[in-house]
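Trainee: sequence and predicted model, in that order:
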2 protein chains.
Amino acid sequence: MLDPRLNIINKKLSEIKKIIVISSGKGGVGKSLIASTMALLFAKEGFKTGLLDLDFTSPTTHVVLNARNLKPKEDKGIVPPEIYGVKYMSLIFYLGDQISPLRGSELSNALLEILAVTQWGGLDILLIDMPPGISDLMLDVLKYMRDANFLIVTSSSKMSFETVRKLLMLLKDLNAVVIGVIENIKMADSTYIKREVEALGESFLGEIHFDEKLEETLGKIEKLLETNFAKEVENISIRVKEICMGDLQKKKMGRKIM
Amino acid sequence: MLDPRLNIINKKLSEIKKIIVISSGKGGVGKSLIASTMALLFAKEGFKTGLLDLDFTSPTTHVVLNARNLKPKEDKGIVPPEIYGVKYMSLIFYLGDQISPLRGSELSNALLEILAVTQWGGLDILLIDMPPGISDLMLDVLKYMRDANFLIVTSSSKMSFETVRKLLMLLKDLNAVVIGVIENIKMADSTYIKREVEALGESFLGEIHFDEKLEETLGKIEKLLETNFAKEVENISIRVKEICMGDLQKKKMGRKIM
């Protein structure tokens, strides 16, 4: 039987112009920091921006955004709180530290529920922070959000790219739209990742260097936005907009002129 | 209905003296490197050691051990190849780069299958490298390996410990045996992780510093064992043996004297 939430979800997703899914396969490569920072930068630029943390069992964007104690409002669904202009949604609002491991079907169900109840209220961009691993949830995201664009993050290590390669091959098999690959936590000069990405026929979007000051900015958004990390994320955001948001960009420029 | 493999699995697991599950919740904190290095060190010391990579969708221990092209033998089941004395098993032998995302029940099934068919042939220690996330598979490991001992890895970052904290609380709820917590990729002086671990009533097993030379030793075992990283893993191994392998240690010493 078709889930009755699917109609509601399709209607809700149709009010979002671009969905960008930040994924890696590998954990600990900086997905959550990049997703949060990029969302803050897009919002600052005037885009109506949402950030959805789908890393159900190990969410961390609330640590970056100091959002643990915020509360969504209930109004014909759930209205996400706004942080520096970003509409923010995470299961952490409901589960806190008492997160239970969810089995496959429960994960699908939690995803459907969060997509059905969240009142984004019309967005230019929704950024989604994915869990590590090539998981159930990625299959569901591909199933329910057919217009999703994948932005892939890797570290410079072969250990990380080993998994990212598999993810890229899988996304290609599934005809998913891949914007490109970001190399994060870069420490040494090397073109290994760039070469490997381009050999797979994907776009290399740029590198973000290890920034030792990042840890102390966790939860302090203004300080985060002053880091070199944020500047490098901004450079990549420009390329992301060029590649996948051409139409959106023009409309926004149009609005500015009027 | 009870899975007929369960009897076989129980018999096989009863031939393994200690099972140590290396887990984190968080990805990218060095679980696979620590699991592989610790296995090599235990084997070098004379323990009959196995290493099982259960990170089905993003396995990487074969990168550390340069094991991609090894082949297990078939002989009344699957006999794992030996690498520097470590009996090594990973789905990578069967799936290569073409890994498909496995749904929850398929993961459980793959775990049961690998436990049922692998002929470890009697082990002192089986180290298991877990996937990131508080996943289905962790519930299954707890279900099928009731004597498992959990060794938890975190990086120094709050982003990492946010998830590790949840994992530790869950393992406590489930009455699982936790050996303790290792702080890996340490860069700056800080007692944050140690304090947090001890506040949760768990043992802090020590820290392993970031080692920039580690990347170039991937796939080169002798070079890996010469790194500072390996020396620090060895110090922690000593504590692990003290805590959870007292009996084993005595027996081994007995054997040496005889």
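Mentor: Structure's in. What do you need?
Trainee: and the residue in the stretch 1-150 of chain A that chain B sits nearest to, how many residues sit next to it?
Mentor: Nearest residue of the stretch 1-150 of chain A to chain B (Cβ to the nearest Cβ) works out as A:Gly27 at 1.4 Å. Using the backbone N, CA and C atoms, a C-beta is placed for each residue, glycine as well. For A:Gly27, the tally of surrounding residues (other Cβ atoms under 10 Å in any protein chain shown) stands at 27.
Trainee: nearest to chain B: which residue in the stretch 151-258 of chain A?
Mentor: Closest point on the stretch 151-258 of chain A to chain B, by Cβ to the nearest Cβ, is A:Thr163, at 3.8 Å.
Trainee: which secondary structure element is home to that residue?
Mentor: Element membership for A:Thr163 (DSSP states H and E) is helix A:158-173.
Trainee: elements contacting that helix?
Mentor: When contacts are defined as 3 or more Cβ pairs under 8 Å, 6 or more residues apart in numbering or on different chains; DSSP states H and E, helix A:158-173 sits against strand A:149-155, strand A:177-186, helix A:192-199, helix B:61-65.
Trainee: the third one close to chain B?
Mentor: No - with Cβ under 8 Å from any Cβ of the partner chain as the threshold, helix A:192-199 lies outside contact range of chain B, at a closest distance of 9.6 Å.
Trainee: give me the mean pLDDT for that helix.
Mentor: Helix A:192-199 comes out with an average pLDDT of 97.
Trainee: gap between it and the chain center?
Mentor: 22 Å (Cα atoms, centre = their mean, to the nearest Å).
Trainee: ditto for stretch A:158-170
Mentor: Put simply, stretch A:158-170 sits 18 Å off its chain's centre (Cα atoms, centre = their mean).
Trainee: circling back to that earlier point, wait, doesn't the residue of the stretch 151-258 of chain A closest to chain B sit right on B:Val63?
Mentor: No - A:Thr163 is not in contact with B:Val63 according to Cβ atoms under 8 Å; the separation is 9.8 Å.
Trainee: ok, those two, which is more surrounded?
Mentor: Higher neighbour count among A:Thr163 and B:Val63: A:Thr163, with 27 against 22, using other Cβ under 10 Å.
Trainee: tell me the pLDDT of that one.
Mentor: We have a pLDDT of 91 for A:Thr163.
Trainee: need the contact list for it.
Mentor: Contact analysis of A:Thr163 by Cβ atoms under 8 Å, 6 or more residues apart in numbering or on different chains lists A:Ser24, A:Gly25, A:Lys26, A:Ile134, B:Thr57, B:Ser58, B:Thr60.
Trainee: assign the fourth one to helix, strand or coil.
Mentor: By that I understand A:Ile134. At A:Ile134 the chain is in coil, as set by DSSP: H, G, I helix; E, B strand; the rest coil.
Trainee: neighbours of it, how many?
Mentor: A:Ile134 has 26 neighbouring residues, counting by other Cβ under 10 Å.
Trainee: quick check: phi and psi at it.
Mentor: Per-residue torsions, A:Ile134: phi -100, psi 90 (degrees, to the nearest 10).
Trainee: was I right to think it contacts A:Leu167?
Mentor: Yes - counting by Cβ under 8 Å, A:Leu167 is a contact partner of A:Ile134 at 5.6 Å.
Trainee: between the two, which contacts overlap?
Mentor: Common contact partners of A:Ile134 and A:Leu167 (Cβ under 8 Å, 6+ apart): A:Gly25.
Trainee: thought the residue of the stretch 1-150 of chain A closest to chain B was touching B:Lys31?
Mentor: No - applying Cβ under 8 Å as the test, A:Gly27 and B:Lys31 come out as separate, 9.5 Å apart.
Trainee: residues shared between the contacts of the two?
Mentor: Joint contacts of A:Gly27 and B:Lys31 (Cβ under 8 Å, 6+ apart) are B:Pro132.
Trainee: end to end, how far does stretch A:166-186 reach?
Mentor: End-to-end distance for stretch A:166-186: 21 Å, by Cα to Cα, to the nearest Å.
Trainee: distance from stretch A:17-31 to the middle of the chain?
Mentor: Centroid displacement of stretch A:17-31 relative to its chain, using Cα atoms, centre = their mean, is 5 Å.
Trainee: all helices of chain A, in order?
Mentor: A:5-14, A:31-44, A:61-65, A:92-95, A:104-117, A:136-144, A:158-173, A:192-199, A:221-225, A:228-244, A:246-257 (DSSP state H).
Trainee: looking at those helices, which one has the lowest mean pLDDT?
Mentor: Confidence, taken as mean pLDDT, is least for helix A:246-257 of the helices of chain A (a mean of 52).
Trainee: neighbours around A:Asp147, how many?
Mentor: With other Cβ under 10 Å as criterion, A:Asp147 counts 11.
Trainee: and for the one 10 residues further on?
Mentor: As a burial measure, A:Ser157 scores 21 neighbours (other Cβ under 10 Å).
Trainee: looks like it contacts B:Glu215 (just checking).
Mentor: Yes - with contact defined as Cβ under 8 Å, A:Ser157 and B:Glu215 form a contacting pair (5.8 Å).
Trainee: A:Phe212 and B:Phe210 touch, don't they?
Mentor: That one is not Phe; residue A:212 is Glu. No - using Cβ under 8 Å as the test, A:Glu212 is too far from B:Phe210 to be in contact (10.7 Å).
Trainee: so these two - more neighbours on which side?
Mentor: Ranked by neighbour count (other Cβ under 10 Å), A:Glu212 and B:Phe210 place B:Phe210 first, with 17 against 10.
Trainee: and the more buried one, what does it touch?
Mentor: Applying Cβ under 8 Å, 6+ apart, the residues near B:Phe210 are B:Ile185, B:Lys186, B:Met187.
Trainee: distance of it from A:Ile125?
Mentor: With the distance defined as Cβ to Cβ, to the nearest Å, B:Phe210 ends up 35 Å from A:Ile125.
Trainee: how about A:Arg165?
Mentor: 27 Å.
Trainee: have a look at those two and say which one is more surrounded.
Mentor: Comparing A:Arg165 with A:Ile125 by other Cβ under 10 Å, the one with more neighbours is A:Ile125, at 25 against 18.
Trainee: so what pLDDT did that one get?
Mentor: 97.
Trainee: please give me every residue in contact with A:Met159.
Mentor: By Cβ under 8 Å, 6+ apart, the contact set of A:Met159 is A:Lys26, B:Ser32, B:Leu33, B:Thr60, B:Val63, B:Val64, B:Leu218.
Trainee: just the contacts of A:Thr163 now: which is nearest B:Glu113?
Mentor: The shortest gap between B:Glu113 and any of the contacts of A:Thr163 belongs to B:Thr57, at 15.6 Å (Cβ to Cβ).
Trainee: look up the closest residue to that closest one, ignoring the ones flanking it.
Mentor: Computed as Cβ to Cβ, 6 or more residues apart in numbering or on different chains, the closest residue to B:Thr57 that is not its neighbour in sequence is A:Ile134, at 4.2 Å.
Trainee: quick one, phi psi at A:Pro80?
Mentor: Taking degrees, to the nearest 10 as the convention, A:Pro80 sits at phi -70, psi 140.
Trainee: enumerate the residues of the stretch 151-258 of chain A near chain B.
Mentor: Contacts of the stretch 151-258 of chain A with chain B, taken as Cβ under 8 Å from any Cβ, map to A:155-160, A:162-163, A:165-166, A:169-170, A:187-188, A:212, A:215, A:218.
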